[in-house]
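Enquirer: 3D, please:
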Amino acid sequence: MKRRNKAGGKAAKTQRRRTARPRTTAKTAHQRKSSSVDTANRIGLLEHRLNEALEQQAATAQVLKVISGSPGQLEPVFKAMLENAVRICEAKFGTMWLREGDAFRAVALHNAPPAYAELRRRNPIVHPHPKSGLGRLVATRQVVHIADTLEDQGYLVGAPISVAIFETAGARTILVVPMLKDNELVGGITIYRQEVRLFNDKQIELLTNFAAQAVIAIENARLLNELRQRTDDLSEALQQQTATSEVLRIISSSPGELKPVFNAMLANATRICEAKIGLLYRSEGDVLRTVAMHDAPRAYVRERQRDPIVRLAPGTALGRALATKQPVQIADISKAPQYLNAPPGSTVAQFVKLSGARTTLGVPMLKDNELVGAITLYRQEVRPFTDKQIELVQNFAAQAVIAIENARLLDDLNKLNQQLEQRVTDQVGQIERMGRLRRFLPPPVADLIVASGTEKQLESHRREITALFCDLRGFTGFSESSDPEDVMALLREYHAAIGGIINKYGGTLERYAGDGVMVVFNDPIPVDNPALQAVLMAIEMRAAIGALIEKWRKLGHDIGFGIGIAHGFATLGTIGFEGRFDYAAIGTVSNVASRLCDEAKPGQILISPRVLMAVEKDITVELVGDFTLKGIRRPLTAYNVLDSKAAD
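Expert: Predicted structure coming up:
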């Protein structure tokens, strides 16, 4: 409906009130936009860091793969390291150096400019100026970070390597990382940028890790090359490379298995030395054990399989070889008295009769001049072995010793690994068990159970103990009139104070409920004088809680502290249900300690007569009187502990 205005009488439009709507202010919108941008930036930063970590892990894995796939070959390892380091660290090119005396040899380049690569090809060895990056690396054995070559002291003084790296490669920012073994500088890795831009900490750390891996690769190659060199030295001394190769192949393909190695040695030694029969023995004290035979008479083989032990006969080639630790041969055993006079049933006589042997050679197997075994070869004709053949058998004997030692080391390593695995398994089990037991048992009980490997201590048993019970006077009234937060704060202070003292004196925390705490001594950990231990702990508790009581009084809390101690027999063990057990002491001694605590006035430590008898030489007490305790048929005389006589 229209209404007229006063002036012209024209109808005026009725104005409707508009409901105020909340508007998003420019500031709020800006904040939301800014928050979204911050979130996006954080996500982007996290993704960038994750990508960096993954890239570094992938690079490290690639290098380790190259190391494992190229034993003794350093060139592919160095190239892989440099390639990954240059790429991930956003450098232009890189060089790896190995130290040779006071000089460095460039052993690997990656993406080097042609002029610099040609320079290093013609002159791979560099004698660094003290002011150059490599020179400072020698002096400090620390990372050298050159922000700008043109402003670096090495370039300014005209150090040849500093000038050359700029003129041939345009390097500006340079990072040099040492390769250290036992704090000795063995080389370095240098990466270069052609613009002035410092490397960040993560890139420096990554290059340092590559340097450490390079040192490991060098050391592995050195050890492997030394092993190969020793093997090559043995091989060169052999008359027939094929025989040695076969034996070494069998050794390498049968780690820890000696029988195929011994069989191959005997077969090759017999064949190359033009013998008919070969025997290999291992020393066992004063006797020998037959461990391998080649082309021996069947009857003799059956006898040795039945009884592999051979007792040494003095004067025989084998006996003399072991006695002198030198090779011994007998040209014709049919004319040697020690063979002719051998008892008819002896091993020597039996073998000579069955084999028709004439010429024999005995070679000892020695490790650090200690007898390990022996190899004997026999010919059925009279024909002495040559020096080269004897040397060949000596080499086989040395290889046999190496094989035996390798098998022993491998066996020891396997046993050690098994022991370590078992120890780790046991320790993990103990930790898990300890954590599980500590949830529901006092620490001493848990420790004892884990150390013993059995839970027998948890079973119900009877033992003479000292029980201590303590609580706060006036705590009930305080808890009823105070906020729950104040009550919890006070209890935390109280439990923290007495908890450390209980552990100090080796008490077993039987239980605690609110302000009431019970501690037992002499179970499960034996104590020489449990009563004295309990009283001394009570004295220290009283002093510690006394200080807290003064603090609480200033806060308006009227609280006291009392202790009761009794000594006697109790039944102890776990009570509860699966998942929640408590260690409990049940008996009159627990009740007496609790009742004495109830009778104790603030600051008193009431002890029973049995406790007094155990501590009266060390503790000063005063008679309090007789108490009729609930649950105790006869009145009990109680004494208040004043202090230890040592303190007096």
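
Enquirer: what is whichever helix or strand residue 398 is part of packed up against?
Expert: Assigning secondary structure by DSSP states H and E places residue 398 in helix 387-438. Packed against helix 387-438 by the contact rule (3 or more C-beta pairs under 8 Å, 6 or more residues apart in numbering; DSSP states H and E) you find helix 201-237, helix 241-253, helix 259-272, strand 359-367, strand 370-379, helix 443-452. Backbone N, C-alpha and C define where each C-beta goes, glycine included.

Enquirer: adding mean pLDDT, distance to residue 297 and mean neighbour count, write these out as a markdown table.
Expert: Putting the helices and strands packed on helix 387-438 into a markdown table (pLDDT from 0 to 100; distance: least, C-beta to C-beta, whole Å; neighbours: other C-beta atoms under 10 Å) gives the following:
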| stretch | mean pLDDT | distance to residue 297 | mean neighbour count |
| --- | --- | --- | --- |
| helix 201-237 | 80 | 32 | 16 |
| helix 241-253 | 71 | 24 | 16 |
| helix 259-272 | 87 | 14 | 21 |
| strand 359-367 | 91 | 15 | 23 |
| strand 370-379 | 90 | 11 | 22 |
| helix 443-452 | 69 | 60 | 17 |
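
Enquirer: can you redo the ones you listed as TSV with distance to residue 405?
Expert: Listed next are the helices and strands packed on helix 387-438 as TSV, based on distance: least, C-beta to C-beta, whole Å:
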stretch	distance to residue 405
helix 201-237	12
helix 241-253	11
helix 259-272	12
strand 359-367	7
strand 370-379	9
helix 443-452	38
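
Enquirer: looking at those, which is closest to residue 540?
Expert: When the helices and strands packed on helix 387-438 are ranked by proximity to residue 540, the top entry is helix 443-452, at 17.9 Å, counting by C-beta to C-beta.

Enquirer: strand partners (parallel or antiparallel) of the strand with the most length in the chain?
Expert: Longest strand in the chain, counting residues (DSSP state E): strand 560-577. Using DSSP bridges, strand 560-577 pairs in its sheet with strand 461-473 (antiparallel), strand 580-586 (antiparallel), strand 605-607 (parallel).

Enquirer: would you map out the domains in the chain?
Expert: 54-224, 238-410, 443-644 (automatic domain parsing).

Enquirer: those domains: lowest mean pLDDT?
Expert: Of all the domains of the chain, the minimum mean pLDDT falls on domain 238-410 (a mean of 84).

Enquirer: distance from the chain centre to it, please.
Expert: With C-alpha atoms, centre = their mean, to the nearest Å as the basis, domain 238-410 stands 45 Å off its chain's centre.

Enquirer: same check, this time on stretch 120-128
Expert: 43 Å.

Enquirer: same question, stretch 405-413
Expert: That offset, for stretch 405-413, works out to 22 Å (C-alpha atoms, centre = their mean).

Enquirer: buried sites along that stretch?
Expert: Residues 406-407 are the ones in stretch 405-413 that count as buried (16 or more other C-beta atoms under 10 Å).

Enquirer: put the alpha carbons of it into CSV.
Expert: Taking C-alpha atoms only, stretch 405-413 is exported to CSV below (Å, rounded to 0.1, in the frame of the first residue of the first chain):
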residue,chain,number,x,y,z
GLU,A,405,92.0,-72.1,5.9
ASN,A,406,89.3,-70.6,3.7
ALA,A,407,86.9,-73.4,4.7
ARG,A,408,87.7,-72.7,8.3
LEU,A,409,87.3,-69.0,8.0
LEU,A,410,84.0,-69.5,6.1
ASP,A,411,82.8,-71.9,8.7
ASP,A,412,83.9,-69.5,11.5
LEU,A,413,82.1,-66.7,9.6
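
Enquirer: contacting residues around residue 584?
Expert: Counting by C-beta atoms under 8 Å, 6 or more residues apart in numbering, residue 584 touches 510-511, 572-575.

Enquirer: show residues contacting stretch 387-405.
Expert: Against stretch 387-405 from outside (C-beta under 8 Å, 6+ apart): 234, 237-240, 244, 247-248, 251, 258, 261-262, 265, 268-269, 272-274, 280, 282, 327, 329, 361, 363-367, 372-375, 377, 385.

Enquirer: what do you get for stretch 586-601?
Expert: Applying C-beta under 8 Å, 6+ apart, the contact partners of stretch 586-601 are 465-471, 473, 510, 518, 560, 562-572, 606-608, 627, 629-632, 636, 638, 640.

Enquirer: mind running it again at 7 Å?
Expert: Under the criterion C-beta atoms under 7 Å, 6 or more residues apart in numbering, residues 465, 467-471, 518, 562-571, 606, 608, 627, 629-632, 636, 638 lie in contact with stretch 586-601.

Enquirer: can you tell me which of these are buried?
Expert: Buried members of the contacts of stretch 586-601, counted by 16+ other C-beta under 10 Å: 465, 467-471, 518, 562-568, 570, 606, 608, 627, 629, 636, 638.

Enquirer: coming back round to it: residue 298 is nearest to which of the helices and strands packed on helix 387-438?
Expert: That would be strand 370-379 among the helices and strands packed on helix 387-438, by C-beta to C-beta, at 15.4 Å.

Enquirer: now that closest one and helix 387-438, what's the angle there?
Expert: 140 degrees (axes from the mean of the first three to the mean of the last three C-alpha atoms, to 10 degrees).

Enquirer: show me the contact partners of strand 370-379.
Expert: 269-270, 273, 275-283, 288, 317-318, 321-322, 325, 355, 357-366, 393, 396-397, 400-401, 404.

Enquirer: and that strand with helix 259-272, angle?
Expert: 40 degrees.
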